[in-house]
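Return a 3D structure for these sequence lines:
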Amino acid sequence: MERITNEEAWAVLERNGYRYQFEGNLRMVHPNKVLVGRAVTAVMVPKRPDLHDYLLEYGQKVEGRKGFFNVWVIDTLVEDDVIVVDMFDKVVEGTFSGGNLSTTIATRTKRGQVIYGGIRDLQQILEIENLQTYYRGIDPTPIRDVTLVGMNVPCRIGGAICMPGDVVLGTPRCDVHSAALG
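The predicted structure is shown next:
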């Protein structure tokens, strides 16, 4: 998959009826690095206090999860995963990961992340060689006022639909494809 071009991937997807599997409006950290891996998805929505408080408490007290929602997803990652997060294009206070969490993602997956939202600590993330990152924008603010409503569920990254387990292909032209190409 790492040698597949955008056009080759698109031709297979289009021929098989997968028309909404491409997003080309993302920035990338390493411009000449290809990203390929298995999608682990997450969907965040704007914070609604009743939903937010219930889900956060349920996850921490009933499921024994630690930290905030973004850490929950990262804790599930294994080698060759690509975390794909729909942050509803939120950048300010929508920074899913920064230097520390990106280092954790790189250590676990050796692949990367696709964030339809923000990242922080870009200078630190640039130093992580075994991690490719696609994102919408950067901001120094921490993540806040978002609620995780789904892990390993279908998500939307711009105009693309990503399913858990899809093959994610990110090419050097800032283009991301996602589909079960098997």
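
If you count contacts, what does the top strand by length along the chain end up packed against?
Ranked by residue count under DSSP state E, the longest strand found in the chain is strand 81-97. If contacts are counted by 3 or more C-beta pairs under 8 Å, 6 or more residues apart in numbering; DSSP states H and E, strand 81-97 sits against strand 35-46, helix 69-74, helix 99-109, strand 112-119, strand 132-138, strand 146-151, strand 155-157, strand 167-171. For every residue, glycine as well, the C-beta is placed using N, CA and C.

Buried residues in that strand, which are they?
Neighbour counts over strand 81-97 (16 or more other C-beta atoms under 10 Å) mark 81-87, 90-91, 94-97 as buried.

Over to stretch 15-32?
Y18, Q21, F22, E23, L26, M28, V29, H30.

Which one of those residues is nearest to K66?
Checking these against K66 by C-beta to C-beta gives V29 as the nearest, at 26.7 Å.

mind listing what the closest one touches?
Contact analysis of V29 by C-beta atoms under 8 Å, 6 or more residues apart in numbering lists L122, I125, L126, L131, Q132, T133, Y134, Y135.

Serialize the residues you listed to CSV and add fields for pLDDT, distance to V40 and neighbour count.
CSV is the format used below for these (pLDDT from 0 to 100; distance: C-beta to C-beta, whole Å; neighbours: other C-beta atoms under 10 Å):
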residue, pLDDT, distance to V40, neighbour count
L122, 97, 23, 17
I125, 97, 19, 24
L126, 96, 23, 14
L131, 97, 15, 24
Q132, 97, 15, 24
T133, 97, 15, 27
Y134, 96, 15, 24
Y135, 96, 16, 25
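
so which of the residues you listed would you say is closest to L13?
Lowest distance from L13 to those (C-beta to C-beta) belongs to Y134, with 17.8 Å.
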